[in-house]
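Trainee: Model the structure of this input:
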Amino acid sequence: MPGPAKPTSYEEVSYPSYAYPQTYPDHLAVLATLSGMKPPPVHQCRVLELGCGQGGNLVPMAYNLPESQFVGFDLSSQAIAQGQTLISSLGLTNITLTQQDILTVSPDLGQFDYIIVYGIFSWVPEPVREKILTICRQQLAPNGVAYISYNALPGWHMYNIARDIMLYHTEDIDESQARIGGAREALAFLAETVSGQDNLYGQFLQKTNAFLSGMSDGYLYHDFMEETNAPLYFSQFMAQAEQHGLQYLANTEFVSPHTAPDHIVERLMAQTGSIIRTEQYLDFLTNRTFRETALCHADVALQRTLTPAALDGLQVASQVLPVNPDLNIHSDALEEFAGPEAATLSTTHPLTKAALLHLNRVWPQAAPFKALAGEAQGLLGDAAGHSPLSPEITRLATNLMLAYSRRMSLVNFHTHAPSLTLELSEYPIASAVARYQAEANLPVTNLYHHRVTMTQLSRHLLAYLDGSRSRSDLLDIMIQSATQGLLAVSQEGQPVEEPARQRSILAEELEHLLQQLMRAALLVG
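Mentor: Below is the predicted model:
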């Protein structure tokens, strides 16, 4: 009689199961739309994730899109069990997670509009990589989009040095946590030894050690120490994909497939005449280490040049703020707008300034592009307005697409935006997924499928926002938590113990936190 199955490496050391916004069907649909495709509607689609882990990526999608269907597979029975517990807790009926080997996935499952393969391709043997591409060919809907991420060359040539060091140092160690500890020690020792050397190799060891020191054990173990780690050049990946009847759609990090100056890209395109070769040269230029590629069927006709008309059916969202508090939207003076992650956007165009101002006012909601153009014209006092094909509207669309292509945290596009509140209710309601994650001390995902940075206090409050408690009830809960020592109340860095002052401070903080949670796209009522 066979003994119990040997636990997978992912059961020995768990890998964080997060939401990845670049895999979200809405994001993939935007990339397809801007490329001239007519992708399946996101609010009623079928989604498959291979290597779904605990469902940290797929479950929030299922909650956000209740009329769509979601299927996930993972080799780890432990991860699947955790995901099923989450699904049961949320009462979701449109998602199924199954413990299964990718090699056994059957075409009988039917077609999927969006297929997601995050963090799997480079870490599985060649037969599994071939199976992944076969699934994408056979089971991707005609206008569907597949997402695959993988370790990229040339950057991983350097990371392989660190991998070799860690594997060599731990080759006689069997226990996983001991291997992780030994790997960290070896890399730290070498980085410290070369700290006084002013050479590129020494700098590489120090930077890599600093980078991995800040990463979780799960990341280090699985991304750097798995038995299989097969980075490849983008051109090699695309050659394999093309053999399976798939073509390159876009780099999912940005619509614009590069971070190099436009004149460099134009020169490369002129010399190569191929978007694949241009992308490969850009990887050489940037020493790229990781790729996230959207694919579609080879027979789909794509529009490689972005046109303003592509925005007609899309919604626009942005939370940028004007840097100048005395912004004059009527002026053609250069004005700067600041967004998250220290990103900035500058424009002299009055209609673009007015549009960004309106988007900030309605954030976290999105605005259909045509409606946005109308609102911006209204702010400028342009009662007559402009036709959809006017130079002014065209320039607005061009500016928004440029901002999106450079940094999606500045401006984002959507085919399907979530229903979010703009006014705080007396009985606030947060996303059920976010409440569960807050209470379980997991990374919190908002209704745009982005992870949200949380403080201890905001996480504590979020767990109670189920619509059954008034703001007065919430204040009482915060005061009780402070009394029990679960929350620390301070003012100007000094602890506050006196009850009346605590109540006053917490009442003000409650309103501030609720505003923050609303602006973080977490509140639905």
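Trainee: Near L153, how many other residues are there?
Mentor: 23 (other C-beta atoms under 10 Å). Every C-beta, even on glycine, is put in place using the N, C-alpha and C of the backbone.
Trainee: where exactly do the helices run in the stretch 201-350 of the chain?
Mentor: In the stretch 201-350 of the chain, the helices defined using DSSP state H, counting those that start in this stretch lie at 217-219, 234-243, 262-272, 275-286, 350-362.
Trainee: Out of these, the one nearest D299 is which?
Mentor: helix 234-243 (12.2 Å; C-beta to C-beta).
Trainee: Next, format the helices of the stretch 201-350 of the chain as a markdown table and append mean pLDDT and distance to L28.
Mentor: Shown next, in a markdown table, are those (pLDDT from 0 to 100; distance: least, C-beta to C-beta, whole Å):
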| stretch | mean pLDDT | distance to L28 |
| --- | --- | --- |
| helix 217-219 | 90 | 24 |
| helix 234-243 | 98 | 16 |
| helix 262-272 | 71 | 23 |
| helix 275-286 | 90 | 18 |
| helix 350-362 | 95 | 23 |
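Trainee: and L92, which of the ones you listed is closest to it?
Mentor: That would be helix 217-219 among the helices of the stretch 201-350 of the chain, by C-beta to C-beta, at 25.2 Å.
Trainee: ok, residues contacting the closest one?
Mentor: 13-16, 177, 180 (C-beta atoms under 8 Å, 6 or more residues apart in numbering).
Trainee: How about stretch 337-354?
Mentor: 318-323, 327, 329-336, 356, 373, 375-377, 379-380, 392-393, 395-396, 399-400, 403, 407, 409-411.
Trainee: So of the contacts of helix 217-219, which two are at opposite extremes in space?
Mentor: That would be P16 and Q177, which, of those, are the farthest apart (C-beta to C-beta) at 16.3 Å.
Trainee: re the thing from before, let's see the ChimeraX selection covering just the buried ones among the contacts of helix 217-219.
Mentor: Buried members of the contacts of helix 217-219, defined by 16 or more other C-beta atoms under 10 Å, are picked up in ChimeraX with:
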select :13,14,15,180
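Trainee: Go through the contacts of helix 217-219 and name the one nearest S431.
Mentor: Using C-beta to C-beta, those come closest to S431 at P16, 19.8 Å.
Trainee: out of the helices of the stretch 201-350 of the chain, nearest to F121?
Mentor: Once those are compared by C-beta to C-beta, helix 234-243 is nearest, at 8.1 Å.
Trainee: list the buried ones in the closest one?
Mentor: By 16+ other C-beta under 10 Å, the buried positions in helix 234-243 come out as 234, 237-238, 240-241.
Trainee: Stretch 204-221 too?
Mentor: 204-206, 208-209, 212, 217, 220-221.
Trainee: Of these, just say which sits nearest to Y168.
Mentor: Once C-beta to C-beta is applied, the member of the buried residues of stretch 204-221 that ends up nearest Y168 is L205, at 14.3 Å.
Trainee: How about the closest one, nearest residue that isn't a chain neighbour?
Mentor: The shortest distance from L205 to any non-neighbouring residue, by C-beta to C-beta, 6 or more residues apart in numbering, is to A191 (4.6 Å).
Trainee: can I assume that neighbour sits in a helix?
Mentor: Yes - assessed with DSSP: H, G, I helix; E, B strand; the rest coil, A191 lies in a helix.
Trainee: In this structure it contacts Q203, no?
Mentor: No - if you go by C-beta atoms under 8 Å, A191 and Q203 don't touch, sitting 9.9 Å apart.
Trainee: So if I had to pick from these two, which one is more boxed in?
Mentor: Between A191 and Q203, counted using other C-beta under 10 Å, the more crowded position is A191 (21 against 14).
Trainee: residue contacts, the more buried one?
Mentor: 205-206, 208-210.
Trainee: Tell me the neighbouring strands of the helix or strand harbouring A141, and mark each as parallel or antiparallel.
Mentor: Assigned by DSSP states H and E, A141 falls within strand 140-153. Strand 140-153 sits in its sheet next to strand 112-117 (parallel), strand 232-233 (parallel), strand 290-297 (antiparallel), going by DSSP bridges.
Trainee: got the angle for the last one vs helix 234-243?
Mentor: What it means is strand 290-297. Here the directions of strand 290-297 and helix 234-243 differ by 20 degrees (axes from the mean of the first three to the mean of the last three C-alpha atoms, to 10 degrees).
Trainee: Could you do the first one as well?
Mentor: Orientation of strand 112-117 against helix 234-243 (the same axes, to 10 degrees) gives an angle of 140 degrees.
Trainee: And strand 112-117, how far out from the chain middle?
Mentor: 16 Å (C-alpha atoms, centre = their mean, to the nearest Å).
Trainee: And for that strand, what's in contact with it?
Mentor: 23, 25, 28-29, 39-40, 45-51, 57-58, 71, 132, 135-136, 139-141, 143-149.
Trainee: which of these count as buried?
Mentor: 23, 25, 28-29, 39-40, 45-51, 57-58, 71, 132, 135-136, 139-141, 144-149.
Trainee: if we can go back for a sec, show me the contacts of stretch 337-354 that map onto strands.
Mentor: 321-322, 335-336 (DSSP state E).
Trainee: Please indicate which of those residues are buried?
Mentor: Among the ones in strands among the contacts of stretch 337-354, the ones that count as buried (16+ other C-beta under 10 Å) are 321-322, 335.
Trainee: if we take the residues you listed, which one ends up nearest to R459?
Mentor: L321 (25.1 Å).
Trainee: and that closest one, what is it in contact with?
Mentor: L321 neighbours (C-beta under 8 Å, 6+ apart): 337-339, 360.
Trainee: PyMOL command for the buried members of the residues you listed?
Mentor: In PyMOL syntax, the buried subset of the contacts of L321 is picked out as below (16+ other C-beta under 10 Å):
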select buried, resi 337+339
